[in-house]
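>>> Below are the sequence and a predicted model for it; my questions follow.
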Amino acid sequence: MSIQWESGSLQEKVEVVKRFAMEAGGDMLHAPAGNLKHPFVVPGAVYAHHLWDWDCYFAVQALLQMVQLKDRDGTLKAGEKELYIRHAQGSVLNFLDAQLEDGYIPIMLFADSDADSRVLYRNGSPVNMHKPCLALNAVMISQAIDDYSWLHERYDQFRSYYECYKAVYQSESKLFVWADDVMIGVDNDPATFGRPHYSSANLFLNAFMVKELGALAELSRALGYEDQASYYSAEAEALGTLIQEECWDCREEIYYSVDVNCKTYRANPRVSGYHMGLGVTWKSVPIKIQSWASFIPMWAGIPNPSQAHALVTKHMFNPETFMSKYGVRSLARHEKMYSVAATGNPSNWLGPIWMVVQYILFDALMQYGYREEAARLTAQALHLLGDDIAKHGDLHEYYDPDNGEGIINKGFLNWNLLVLNMICRLEEDSG
C-alpha cells in the first residue's frame, strides 16, 4: 500500500521527481579515466569529472534505490544493476588505490589529473582525509549484492585508514578534529571554517565516525575478523559516549561542535609565579553555533529519547531557527553568519537548503519514530525539487529556503536523488 500524500498535486510531484531521477541517474556514471582505473560515480554539474568521498556514498544510496524501483516496476534493463554496482564498487576501489603507506586516503580524485590532496599531505601540510564513510559505502554495496568477497584482499587498507585517523586527527580529548577548513564537506561551517588547525571537533566528523566504526565492525564480522569487529564496536561506543559528554548542552538541549584546543600555558620564565596553580581541567569548550550538524548525532543513534524529542520539537521544526517552507536550513537563521548567497569553493552551508541535510534528518526521524515529521520533510523536498524540474527541467546544488529557487550549479544530481529513498521508505513503512 502506498502512502497517501495530502494532495493530488503532491502525488503528481512524486511521479515527476521519480521519472526525472530514473532518467537522469545514469548521468552520474563515469568510465575509468586517467589515474582512476575503475568506473566511478560523480555528482554532476561542474563536478562531472570528480570522485568525491561523502558525495559518492550518498549518490550510491540513490543509485541502489533506483535499481530496486526499476526492478519492482519491470523497467530494469538487462545488465543495468550490474552496471550500477560496478561503478559503486569502482568508486571505493579508486579511493583505496590512492591510499598512502600510512593509511591516508584523499577526499577527492580527478579523472584527468593526479593533483589531489595526497600531494599536500605528502608535503607535510595540514590537510583533511577521506571523510568517515568509506566503510559505510563498502558495506552498503556489499549488502545490496549479498557479497563481501570483493573486499577481502582490501581489508587491511580499511584498518590502516582508521589507524591513520587515530594517529593524525584524534585529539587529546579523544574526539576527532579537522586538520584545517578545506574540503570538510560542510564547506563553510562556522564551527570549523576560519578556525585554527586541529582545533575543531566538529559534530559532522565525529557523528559520521560513530557510523563508520559501526560499518567497520560489520565489515570485519562479515570477513571473519571477530576480534576486530569487537574492537570497532567498542570504539564506536566510546566515541558516542564522549559526544554525549562533551557536545550535548543540557541547558539549551542541543549538540554543539567543540573546540579542543584547551590547555594550560605555564608561566613565562620572565614572569614567575603566574598560572602555576589549578590548570585547565576540561577537555573542550562548546562552539555555540546552531547548524544542521547539531542533529547529526541523532542520525548516528547517539541521543536518548528525551534528547531526541528536544532536538525535534524545540529546534529542528522551529520556524524561528531551522524550519522553512522548503525544509531544514543548513544554519539556524538567528546566527550572525546566516546567508543564502551563491558561492562555490566553498559552497554555501550558511542557511540554504541542501537535500543531503533533508535526507540525513529524515533517516534520523524515522529511526526515532517521528514518522509524521519525516513525511513532512519528504513533502517539502518533493515541492522543492518538483518545482525546480517544472521550471528549469533540472536540479540545483542548493536552494533558497524562503522561495525555493535554485541558487547555484544547475545540473547537480548527486544526493538530490535521495528523495527517491525518502519516498520509498515511507511507502514501505505504510505497507
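In hand now; what should we look at?
>>> which residues in the stretch 1-150 of the chain form helices?
For the stretch 1-150 of the chain, the helices defined by DSSP state H, counting those that start in this stretch occupy 8-24, 53-73, 80-97, 118-122, 134-145.
>>> Out of those, which gets nearest to residue 204?
Residue 204 lies closest, by CB to CB, to one member of the helices of the stretch 1-150 of the chain: helix 53-73, at 9.3 Å. Bear in mind the C-beta positions are built from the backbone N, C-alpha and C, glycine included.
>>> okay, residue 265: pLDDT?
Reported pLDDT at residue 265 in the predicted model: 60.
>>> Adding mean neighbour count and distance to residue 108, write the helices of the stretch 1-150 of the chain out as TSV.
Conversion of the helices of the stretch 1-150 of the chain to TSV gives the following (neighbours: other CB atoms under 10 Å; distance: least, CB to CB, whole Å):
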stretch	mean neighbour count	distance to residue 108
helix 8-24	16	22
helix 53-73	21	7
helix 80-97	21	10
helix 118-122	16	10
helix 134-145	22	13
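>>> what's residue 92 in contact with, if anything?
By CB atoms under 8 Å, 6 or more residues apart in numbering, residue 92 lies in contact with 134, 137, 138, 141.
>>> wait, the second one sits on residue 55?
No: the pair residue 137 and residue 55 does not pass the contact test of CB atoms under 8 Å, sitting 10.7 Å apart.
>>> thinking again about what came up before, which of the contacts of residue 92 lies closest to residue 391?
residue 137 (32.9 Å).
>>> Tell me which residues touch the closest one, please.
Neighbour list for residue 137: 56, 57, 60, 88, 91, 92 [criterion: CB under 8 Å, 6+ apart].
>>> Can you tell me how far it is from residue 262?
Using CB to CB, to the nearest Å, we find residue 137 at a distance of 34 Å from residue 262.
>>> quick one: the residue sitting nearest the centre point of the chain and residue 365, what's the gap?
Nearest to the mean C-alpha position of the chain, by CA atoms, centre = their mean, lies residue 54 at 5.5 Å. Taking CB to CB as the measure, residue 54 falls 20 Å from residue 365.
>>> Please apply the same query to residue 430.
Using CB to CB, residue 430 is found at 15 Å from residue 365.
>>> Which one's more surrounded, those two?
Ranked by neighbour count (other CB atoms under 10 Å), residue 430 and residue 365 place residue 365 first, with 26 against 12.
>>> Would you mind confirming that residue 386 makes contact with residue 16?
Yes: checked against CB under 8 Å, the pair residue 386 and residue 16 is within contact range at 5.1 Å.
>>> For the worst-scoring helix or strand of the chain on mean pLDDT, which outside residues touch it?
Lowest by mean pLDDT, DSSP states H and E among the helices and strands of the chain is helix 118-122, with a mean of 83. Outside of helix 118-122, the residues within contact range by CB under 8 Å, 6+ apart are 98, 100, 104, 106, 127, 129.
>>> Among the residues you listed, give me the pair with the biggest separation.
Spatially, the most separated pair among the contacts of helix 118-122 is 98 and 127, at 13.5 Å (CB to CB).
>>> okay if I get the contacts of residue 92 as a markdown table plus pLDDT and distance to residue 310?
Putting the contacts of residue 92 into a markdown table (pLDDT from 0 to 100; distance: CB to CB, whole Å) gives the following:
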| residue | pLDDT | distance to residue 310 |
| --- | --- | --- |
| 134 | 98 | 32 |
| 137 | 98 | 31 |
| 138 | 98 | 34 |
| 141 | 98 | 35 |
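>>> Spatially nearest residue to residue 258 (excluding sequence neighbours)?
residue 284 (3.7 Å; CB to CB, 6 or more residues apart in numbering).
>>> if I look at the one you found, how far off is residue 72?
According to CB to CB, residue 284 stands 47 Å off from residue 72.
>>> now residue 138
Look at residue 138 and residue 72: by CB to CB, they are 25 Å apart.
>>> do residue 251 as well
Residue 251 is 48 Å from residue 72, where distance means CB to CB.
>>> Please name the residues that touch residue 407.
Residues near residue 407 by CB under 8 Å, 6+ apart: 340, 342, 348, 352, 396, 397, 398, 399, 400.
>>> Do I have it right that the last one meets residue 352?
Yes: using CB under 8 Å, residue 400 and residue 352 qualify as a contacting pair, with a distance of 6.6 Å.
>>> what residues do the two have in common as contacts?
340, 407.
>>> Angles on the backbone of residue 331, please.
Dihedral pair for residue 331: phi -140, psi 140, per degrees, to the nearest 10.
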